[in-house]
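K.L.:
have a look; sequence and predicted model below, questions after that.
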Amino acid sequence: MNAPAAPSLSALENAAEFQPRHIGIDAFDEAHMLSVIGEASRRALIDSIVPRSIARSRGMDLPAPVTEAAALAELKAIASQNRLLKNFIGQGYYGTHTPGVILRNILENPAWYTAYTPYQAEISQGRMEALVNFQTMVCDLTAMPIANASMLDEATAAAEAMTLAKRSVKAKGNVFIVSGDCHPQTIEVIQTRAAPLGISVKVIRSGDEWLAAIAQDDYFAALNQYPGSSGWLADWQQSADLIHTKGAAFILAADLLALTLLKAPGEMGADIVVGTTQRFGMPMGAGGPHAAFMACRDDYKRSLPGRLVGVSVDVHGQPAYRLALQTREQHIRREKATSNICTAQVLPAVIASMYAVYHGPQGLTRIAQRVARLTAILAAGLKQLGLAPLHASAFDTLTVDLGSAAAAQAVLQRAQDAGINLRSLRGQCVGVSLDETTTRADLALLWQAFAPQAAQPSVEQLEASAASLIPASLARTSSFLTHPVFNTHHSETGMLRYIRALSDKDLALDRSMIPLGSCTMKLNATSEMIPITWPEFANVHPFAPAEQLQGYRQLDEQLRAWLCQATGYAGVSLQPNAGSQGEYAGLLAIKAYHAAQGQGHRTVCLIPSSAHGTNPASAQMVGMQVVVTKCDENGNVDMQDLQAKCEQHSQNLACVMITYPSTHGVFETQVKELCELVHRHGGRVYVDGANMNALVGVAAPGEFGGDVSHLNLHKTFCIPHGGGGPGVGPVCVVADLVPYLPGHATAGVTGGTGAVSAAPLGNAAVLPISWMYIRMMGAEGLTAATEAAILSANYISARLKDHYPTLYASANGHVAHECILDLRGLKESSGVMAEDVAKRLIDYGFHAPTLSFPVANTLMVEPTESETLAELDRFIDAMIAIREEVRQVENGTWPQDDNPLKNAPHTAPSLLTGDWAHPYTRETAAYPVASLRHTKYWSPVGRVDNVYGDRNLFCSCVPVSELA
Ligand SMILES: *Cc1c(COP(=O)(O)O)cnc(C)c1O
């Protein structure tokens, strides 16, 4: 007898092992789901949904998938090509020690990084507390009355400060004054942002020139840096006073660590303060992600861009956090929005706030004093070597004029040979910035690099004599971080428990599915996350010499090539650090293209009414005129209206911005015709790529007629949402637009339109996540993921059709990768609104689907491919059970104003009370389905009152007594 055939080694090696880890349903589940939907096979289902006309002409050319271990090894080899020198470059990026307790329990903890943006206030209390701490920290250190919950980076924050000032001041001038002592990347991004708005940027090269410029009447705001990029410290009070006499605004970019020792911007007349919190515990990561901040005067607050967390009360009168003043945001204001920022930098903001909580005011001050002390000793030593720094004052940065470019080059080279990067500036100068990680030994290396021949100074000898470089008049006298939260959790035990207590309040992907339409909350696999904290990726300065960044260069090249395959486009830039920024960069490319054709008058941007709010907001930021086009009753773009508007604006048509599949969750069959129509009128087609989870491997926008798309790597390509950031929003274009992708002159990346982010690779340090995903899935795995996502959405739609009709579907009743459940009829029959169902889902242990977007009083559900059939069924069963509860209201068993839906979510204290006066039982309230008795998520607060919070706006730590 023959022995049974041994399985092949390659089958046992199972290179595609990751696919079934990422995709939640198996072949058995699939057969069941298809039978519920009524389709014979997955192929048949997909063929019946994706219009034949847009199907990909060929597969994606991607490397064959490898196992998790192999992908990690391959990426490690790439990472190892980054050379890790110790960085003293400064320029907005500094060494920092991420406290271990924060690294492991926040940055590496899915309870924090997989959370969604806190739109559902009740299940987001933990992260909103951390964000209120962030806002308080920024307000205190800057001495400004109000601060938002994060910006994308310091450079875009400065650009947003420019437009905030433009909207807010009396001065009518069109000039924006920028000190040349701002970080160069900040100046570059400001120039990019100013040009399409017709703002003229005046860059100032000296103190005298600054004084002359602010004495003019032609400007609306002026920006300076504190400490200056070259290290200089100045008292800005007189400048601020003069600027105010002109009715203009004074903006200061400030360093939070320095502000623990320095007179605060708010005490010197600043109207807006921006900056980065990177050195509060976030690694440099080649430029991001880090949380930037913006603080402003009280009377600017309703116009402040970005999210703002405020304190309100819940139905029980208890204080509760929620996002405040939502009406300012692009979601609501669309083309009248003050900014397009949507995804921000929540996770890095949480980390920065926790760094302040952990160290407290004394700890931060000690860290800053040590930096300042080391800087003073370094300066004294340089003086001893005959190399007195340019400025007499300094916090952490010294600039030394070496007299010639050759001498400066020699210093830079000697430093590099000793494993140190210094900053080269103005040709013959060298900059040195110290930070929390600097040691005594580093000073010796630095002196050696500057003057190797001379007798070397000694830290110990200079310590006693080196005078402080902070002028007495600039010393901080006001207190900060006095709130108990910054003065309590200083032991590691205390800190660990504080972090845990906050995350326990929140519902993230580590507890249940988050079925958010348009936001693709899929698996963020641990293997994908591991590389982001490797020192080879984390401890890299974005402006280190290019030859040290070969690992990042290769990561960038490979990822761009793979994304080209996924989208069908010819070129990609990874610089935009959120989807909104990708939109902005893409529209800039279209604008630059038209200008190069001598068609600069083409400025009309057609946007269907169903579009995401960032689309019109981005269009207005590039100076386009938004013309809204209609949708038909099936939710599709109304082709007749579009045609009419194309004809009407034919001469001036710049582009159309569509989302595909549409935000209504449907593959429109006429998309190819739509693209052709727009092209016939000389316009370009922007395809918003937020819904790429329905397309990867199945259809490619670059093939079916799109000219530009942005992707959201934090949706489709597995970067976690982080509670509202970080994100990555690559901009992808067809061949003739490649020359107009963003450049980055500061980083030596020439050509293209200007920089749109502070760093050339934007949020570089999270790119390994998407690299890992694509590497482990391969072309077949990615396609299978798309098909599973479509299958799951159709399964939910089919199972719920008798309970909640799906609002929009294609002719055969199918949806794409998400479905809009229509709850509008319930209002009439029961008074129940979609919001009540969303809140009741919390009692069932779920995060609500997208509420009332793109249609009011609906829920948009996107299950993604990562959920198991069991979890899909748990969600569906919860929705059906809730429909039965609505029926009890409809039939009068429960009154319209007192039922489990209106009173949801139920907190434990509200149930554990002696006098229970509701017409339903406490068991019904807490355990409407039996499985909840085993795992119950308790909402920490009852329903939050949004109106109260906006009328009584508190955005920093407020004593509870003030809320009574
Ligand atoms: C998420 C989203 C955006 C914006 O992306 P951000 O990363 O949040 O800036 C744009 N369009 C659509 C349809 C989206 O869903």
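P.N.:
Great, that's in hand.
K.L.:
touching the ligand at all, the strand or helix carrying residue 356?
P.N.:
Using DSSP states H and E, the element containing residue 356 is helix 346-384. No: Helix 346-384 does not reach the ligand (Cβ under 6 Å from any ligand atom); its nearest approach is 11.2 Å. Just so you know, the C-beta spots here come from the backbone N, C-alpha and C atoms, and that holds for glycine as well.
K.L.:
once you drop chain neighbours, what's closest to residue 897?
P.N.:
residue 831 (7.3 Å; Cβ to Cβ, 6 or more residues apart in numbering).
K.L.:
phi, psi of residue 733?
P.N.:
Note on residue 733: its backbone torsions stand at phi -140, psi 160 [degrees, to the nearest 10].
K.L.:
neighbours of whatever residue of the chain ends up closest to the ligand, how many?
P.N.:
Nearest residue of the chain to the ligand: residue 579, at 2.3 Å (Cβ to the nearest ligand atom). A total of 28 residues lie near residue 579 under the criterion other Cβ atoms under 10 Å.
K.L.:
before we move on, back to that, what packs against the helix holding residue 356?
P.N.:
The contact analysis (3 or more Cβ pairs under 8 Å, 6 or more residues apart in numbering; DSSP states H and E) places helix 346-384 against helix 100-102, helix 110-113, helix 125-142, helix 256-259, strand 397-401, helix 440-450, helix 459-465, helix 492-504.
K.L.:
residue 571 is nearest to which of the ones you listed?
P.N.:
helix 110-113 (30.2 Å; Cβ to Cβ).
K.L.:
which residues touch that closest one?
P.N.:
Helix 110-113 is contacted by residues 105-107, 127, 347, 350, 503, 506, 508-510, 524, 526, 529, 720-723 when judged by Cβ atoms under 8 Å, 6 or more residues apart in numbering.
K.L.:
hang on, isn't the residue of the chain closest to the ligand packed against residue 725?
P.N.:
No: using Cβ atoms under 8 Å, residue 579 makes no contact with residue 725, being 10.5 Å away.
K.L.:
can you list residues touching both of the two?
P.N.:
Residues touching both residue 579 and residue 725 (Cβ under 8 Å, 6+ apart): 343, 714.
K.L.:
enumerate the residues of the stretch 351-500 of the chain near the ligand.
P.N.:
Counting by Cβ under 6 Å from any ligand atom, no residue of the stretch 351-500 of the chain is near the ligand.
K.L.:
low pLDDT regions in the protein?
P.N.:
For the chain, the stretches with pLDDT under 70 are 1, 958-964.
K.L.:
how about the residues of it by the ligand?
P.N.:
Residues of the chain lying near the ligand (Cβ under 6 Å from any ligand atom): 342-343, 518-519, 578-580, 612, 614, 659, 663, 688, 690, 712, 727, 729.
K.L.:
would you mind finding the most buried of the helices and strands packed on helix 346-384?
P.N.:
Highest mean neighbour count among the helices and strands packed on helix 346-384 (mean count of other Cβ atoms under 10 Å): helix 125-142, with a mean of 27.
K.L.:
how far is it from where the chain is centred?
P.N.:
17 Å (Cα atoms, centre = their mean, to the nearest Å).
K.L.:
ok, stretch 431-449 next?
P.N.:
With Cα atoms, centre = their mean, you get 33 Å for stretch 431-449.
K.L.:
okay, how far is it across it, tip to tip?
P.N.:
End-to-end distance for stretch 431-449: 12 Å, by Cα to Cα, to the nearest Å.
K.L.:
same question, stretch 473-480
P.N.:
Separation of the first and last residues of stretch 473-480 by Cα to Cα is 18 Å.
K.L.:
with stretch 720-735 instead?
P.N.:
Terminal residues of stretch 720-735 are spaced 31 Å apart (Cα to Cα).
K.L.:
re the thing from before, among the contacts of helix 110-113, which are in helices?
P.N.:
127, 347, 350, 503, 526, 529 (DSSP state H).
K.L.:
mind putting those into JSON lines with distance to residue 749?
P.N.:
Rendered in JSON lines, the data for the ones in helices among the contacts of helix 110-113 read as follows (distance: Cβ to Cβ, whole Å):
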{"residue": "127", "distance to residue 749": "35"}
{"residue": "347", "distance to residue 749": "27"}
{"residue": "350", "distance to residue 749": "31"}
{"residue": "503", "distance to residue 749": "39"}
{"residue": "526", "distance to residue 749": "33"}
{"residue": "529", "distance to residue 749": "28"}
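K.L.:
can you pick out the most distant pair from the residues you listed?
P.N.:
Most distant of the ones in helices among the contacts of helix 110-113, by Cβ to Cβ, are 127 and 526, 20.5 Å apart.
K.L.:
all strands of the stretch 701-850 of the chain, in order?
P.N.:
Taking DSSP state E, counting those that start in this stretch as the test, the strands found in the stretch 701-850 of the chain are 708-710, 731-733, 819-822, 850-851.
K.L.:
sorry, that was for the stretch 551-700 of the chain
P.N.:
So, for the stretch 551-700 of the chain - with DSSP E, counting those that start in this stretch - the strands run 571-573, 604-608, 625-629, 653-659, 684-688.
K.L.:
nearest approach to residue 83 belongs to which of those?
P.N.:
Nearest of those to residue 83, taken as Cβ to Cβ: strand 571-573 at 24.2 Å.
K.L.:
so what strands line up beside that closest one?
P.N.:
strand 731-733 (antiparallel) (DSSP bridges).
K.L.:
other residues contacting the strand it pairs with?
P.N.:
With Cβ under 8 Å, 6+ apart as the criterion, strand 731-733 contacts 563-564, 567, 569-573, 575-576, 582, 585-586, 589, 689, 701-702, 707-711, 740-742.
K.L.:
buried residues in it?
P.N.:
731, 732, 733 (16 or more other Cβ atoms under 10 Å).
K.L.:
contact partners for the nearest residue to residue 764 once chain neighbours are set aside?
P.N.:
Residue nearest to residue 764 in three dimensions, not counting chain neighbours: residue 286, with 3.8 Å by Cβ to Cβ, 6+ apart. Residues in contact with residue 286 (Cβ under 8 Å, 6+ apart) are 537, 540, 541, 542, 549, 552, 759, 761, 764, 765.
K.L.:
sounds good, over and out.
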